[in-house]
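>>> Turn this into a structure:
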Amino acid sequence: MKKYIEIYNHYKELITSNQLKEGDKLPSLRKAEAIFNVSKTTVLNAYFELQADGYIISSEKSGYYVCYNVNHNKRNNDIIINNTNIKYDLKSGNADKECFDIALWQRYIKSALRQEERLLSYGDVQGEQDLREVLCDYISQKRNVSASPDRIVIGAGVHSLLGILCSLIESPKTVSFPDKSFIQGISVFENYGHNISIKNKNADIIYVSPSHMTSFGSVMPIKRRIEMINHTNHTGTLIIEDDFDSDFVYQSKPTPAIYALSGGKNVVYMGSFANVLIPGIRISFMVLTEELAKEFEKKKACFTQTASKTEQIALCGYIRDGHIRSQTRKIRRHYTEKTKEFFKELKKELSSAKISISENGINIRLDTAYNKSLDEFEKNSISIFIRSYENGILKLIIIPSAVEKEDIPKAVKTLKAVLT
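Residues are numbered from 1 along each chain as shown. Down below sits the predicted model:
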């Protein structure tokens, strides 16, 4: 076993057994070197793994702290460059102000607020009926997903919908994820008593994001999707298809949803509007199997609606009037141009680095030699996702969506100054 794995397991055991509690500080890199009699790089790699799996976070000029809460499983999945004074956000995937017509959305919100009688009552637990009807047409045209309104459940984000889904499924089940990156989703299933595994084809439930399989935005090929359908037809395995980023597949030909290929058998389809609109509009939905829809109807009184009724009414009108299609085209074009521009500047400034654009077209991967401290990112006010730092090679995932186009050259030059 590699030494950094031993260090990782050592601290993971201390944290998960509550011997190290949330907020406790880990030994400094220098002190950990002496404790384990290893190099600084080995300690860094162990700490990177602990950060990537959400057990610790780094704090500028302070050190590493436990962020895992044994009671609540609160974990953070990224290696965090923890600086409140971020000038260039290359990690979050947030929108910029050019990508969405706020004034148009405000008109639909105002229209919803004029429906006074409707707003005097609580929202439908399953989601507003007219929005569910509009969603039926939307997902049919967009992804060839056929579903009736009674099979659709609306909520404020995928996380809240997974909680409902877990309530409909008897536990314990074995749930497989493609990797450890979706910490929030994993935590939901753990909290409901399910057993988590990674890349386990024999699991009872398989969670996949076909248009964003990895942190780099890899897209699942059609052959693999068909293999999954054949597998569930033979085993009865439930597939949860999170169609995250399906609107942003630029580099390869769009592939059909697993739900569409299977006819909906043994597949729960999940979608969200956060990426197409803006993250602040938290409306997501899922299409249940026939069996799970019946179970939801039985337990309906146990649930509450988490999505704003006003926003649901507004979104219904926004989709019905065709704005969602024009918004999707606009944001595709906007992010494609931005990613290509950032990529072009990187190639010009860092010609020796290995740089590529992801299949989904919104992420950039950069691998380069590096021999500085990671504090350089914080000092230069850069927030970034670090995949790994080993043997002098730093691997980054860059998401330039939050950087304004006119700031791209300056952002790249700042990044270059850190890396060279």
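
>>> ok, L419 touching N371?
No: the pair L419 / N371 is not scored as a contact, 10.1 Å apart, by Cβ atoms under 8 Å. The C-beta positions use only the backbone N, C-alpha and C, and glycine is treated the same way.

>>> More neighbours: these two, which one.
Neighbour tally, L419 and N371, criterion other Cβ atoms under 10 Å: the higher count belongs to L419, 19 against 6.

>>> Nearest spatial neighbour of that one, chain-adjacent residues omitted?
T368 (5.7 Å; Cβ to Cβ, 6 or more residues apart in numbering).

>>> Neighbouring strands - and their directions - for the helix or strand containing that neighbour?
Following DSSP states H and E, one finds T368 within strand 364-369. Its sheet considered, strand 364-369 pairs with strand 354-357 (antiparallel), strand 393-398 (antiparallel) by DSSP bridges.

>>> P409 - how many residues pack around it?
P409, neighbours per other Cβ under 10 Å, totals 15.

>>> How many neighbouring residues does the closest residue to it other than its chain neighbours have?
The shortest distance from P409 to any non-neighbouring residue, by Cβ to Cβ, 6+ apart, is to E345 (5.7 Å). Applying other Cβ under 10 Å, we find 19 residues neighbouring E345.

>>> so E345 makes contact with K410?
No: counting by Cβ under 8 Å, E345 stays clear of K410, with 9.7 Å between them.

>>> Show me the helices in the stretch 251-400 of the chain, by range?
258-262, 290-299, 309-320, 323-349, 375-379 (DSSP state H, counting those that start in this stretch).

>>> tell me what the longest one is packed against?
Looking back up the chat, that one is helix 323-349. Judged by 3 or more Cβ pairs under 8 Å, 6 or more residues apart in numbering; DSSP states H and E, helix 323-349 is in contact with strand 354-357, strand 364-369, helix 408-419.

>>> Could you check that helix and say which residues are buried?
323-324, 327-328, 330-332, 334-336, 338-339, 341-343, 345-346, 349 (16 or more other Cβ atoms under 10 Å).

>>> The helix or strand of the chain with the lowest mean pLDDT: partners in the sheet, and parallel or antiparallel?
Least confident element among the helices and strands of the chain, by mean pLDDT, DSSP states H and E: strand 56-59 (a mean of 74). Strand 56-59 pairs in its sheet with strand 63-66 (antiparallel), by DSSP bridges.

>>> now the next helix or strand after the partner strand, how far from the centre of its chain.
The helix or strand immediately downstream of strand 63-66 is strand 88-89, counting by DSSP H and E. Distance of strand 88-89 from its chain centroid, counting by Cα atoms, centre = their mean, to the nearest Å, is 18 Å.

>>> who's in contact with the next helix or strand after strand 88-89?
Next helix or strand after strand 88-89 toward the C-terminus (DSSP H and E): helix 102-113. Helix 102-113 has contacts (Cβ atoms under 8 Å, 6 or more residues apart in numbering) with L119, L277, I281, T310, E311, I313, A314, L315, G317, Y318, H323.

>>> any idea which of those has the most stuff around it?
With neighbours taken as other Cβ under 10 Å, the top of those is L315, carrying 27 neighbours.

>>> still on that earlier bit, with R114 as the reference, name the closest of the helices of the stretch 251-400 of the chain.
With respect to R114, and counting by Cβ to Cβ, the nearest of these is helix 309-320 at 9.9 Å.
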